[in-house]
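> Just to be clear, the model below is a prediction. Sequence and coordinates:
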Amino acid sequence: MTRSPLTTPPPGAVVPAAHPEGPPPGTALGSHYGRCFGCGTDQPTGLHLKAVTPDGATVEAEFTVGEAHQGSPMLAHGGVLAAAMDEVIGMSVYLFRKPYVTGRLETDYVLPVPVGTTLHLRAWCNGITGRQAYLEAEGRIGAPDGPVAVRAAALFIEVGMGHFAKHGDLSAIATELQDYEVNP
Ligand SMILES: CCCCCCCCCCCCCC(=O)SCCNC(=O)CCNC(=O)[C@H](O)C(C)(C)COP(=O)(O)OP(=O)(O)OC[C@H]1O[C@@H](n2cnc3c(N)ncnc32)[C@H](O)[C@@H]1OP(=O)(O)O
């Protein structure tokens with residue numbers, strides 16, 4: 001991955017272990033919010049990522065590139081692929097049971113991705129220090145060990161739940177999120 005210093009963990013950053021109250025290995029993660037563009041089942045134009053955590057600390061997901069995801073004819077739009085990477089990285093840091101948002105997302109596009117392709121995505125954490133989490137993801141064509149089509153590195157910033165209450169609509173998600181204190 002070609003990565004800037006901003007998404008490279010500094011010395012002393014620690015890779016967290018799986019959270020003791022997190023999902024057990026092999027758990028399907030479902031959607032954190034039904035209308036999420038990345039994983040929501042109630043979002044007709046979304047990516048409909050299907051994710052599982054193999055170990056409670058990383059995420060594997062599948063994303064099938066659809067007709068609505070084209071940039072050039074019959075090839076995936078780069079912004080859509082970046083959104084898939086953002087989502088799977090967001091899901092992985094969410095495993096540590098603190099709310100984070102994307103601060104910076106860097107993407108390498110290695111191969112074109114035709115419509116109809118299923119991308120096998122994987123995301124993991126390279127280290128956390130203070131509020132900053134350094135994460136990485138890759139997307140492989142057709143199989144978990146298929147050719148790498150896209151790579152991403154990200155800096156996520158920890159926020160309180162008040163972030164979503166102040167800037168968004170926390171009540172819309174309160175019934176779906178069981179793992180957080182939703183009253184900021
Ligand atoms: C409702 C719950 C949901 C849970 C969902 C799970 C779902 C999973 C799916 C999710 C879907 C996918 C997820 C999504 O799509 S999340 C949606 C996309 N992201 C956003 O909307 C975030 C918008 N930005 C902000 O709100 C603020 O800027 C944040 C909160 C990020 C920081 O503002 P805040 O005022 O709080 O803090 P600070 O400015 O003092 O910064 C703190 C530190 O961080 C460093 N820094 C900050 N930004 C950058 C940057 N760009 N590059 C490099 N460094 C950066 C900064 O220098 C400082 O460092 P230091 O001085 O301490 O060393």
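Sure, I can see it. Numbering: from 1, shown residues only.
> Please make it C-alpha for all contacts and neighbour counts, starting now.
Noted.
> Next one, pLDDT for the residue lying farthest from the centre of the chain please.
The outermost residue of the chain relative to its centre, with distances by Cα atoms, centre = their mean, is Pro73 at 26.1 Å. With respect to pLDDT, Pro73 scores 97.
> For the most centrally placed residue in the chain, give its distance to Trp124.
Centrality entry for the chain: nearest residue to the mean C-alpha point is Val88, 2.1 Å, by Cα atoms, centre = their mean. Going from Val88 to Trp124 by Cα to Cα, to the nearest Å gives 9 Å.
> in the chain, which ranges drop under the pLDDT threshold?
In the predicted model, the chain carries pLDDT under 70 at residues 175, 177-184.
> For this protein, just list every one of the strands.
27-28, 50-53, 59-64, 100-109, 118-129, 132-141, 148-158 (DSSP state E).
> Run through the residues of the protein sitting next to the ligand.
For the chain, the residues found near the ligand under the criterion Cα under 6 Å from any ligand atom are 6, 32, 86-87, 90-91, 94, 99, 101-104, 157, 159, 164.
> Apply 8 Å and report the result again.
6-7, 32-33, 36, 38-39, 83, 86-94, 98-104, 130-132, 155-159, 161, 163-164, 170, 173-174, 177, 180 (Cα under 8 Å from any ligand atom).
> Name the residues of stretch 112-124 that are buried.
By 16 or more other Cα atoms under 10 Å, the buried positions in stretch 112-124 come out as Val113, Pro114, Val115, Gly116, Thr117, Thr118, Leu119, His120, Leu121, Arg122, Ala123, Trp124.
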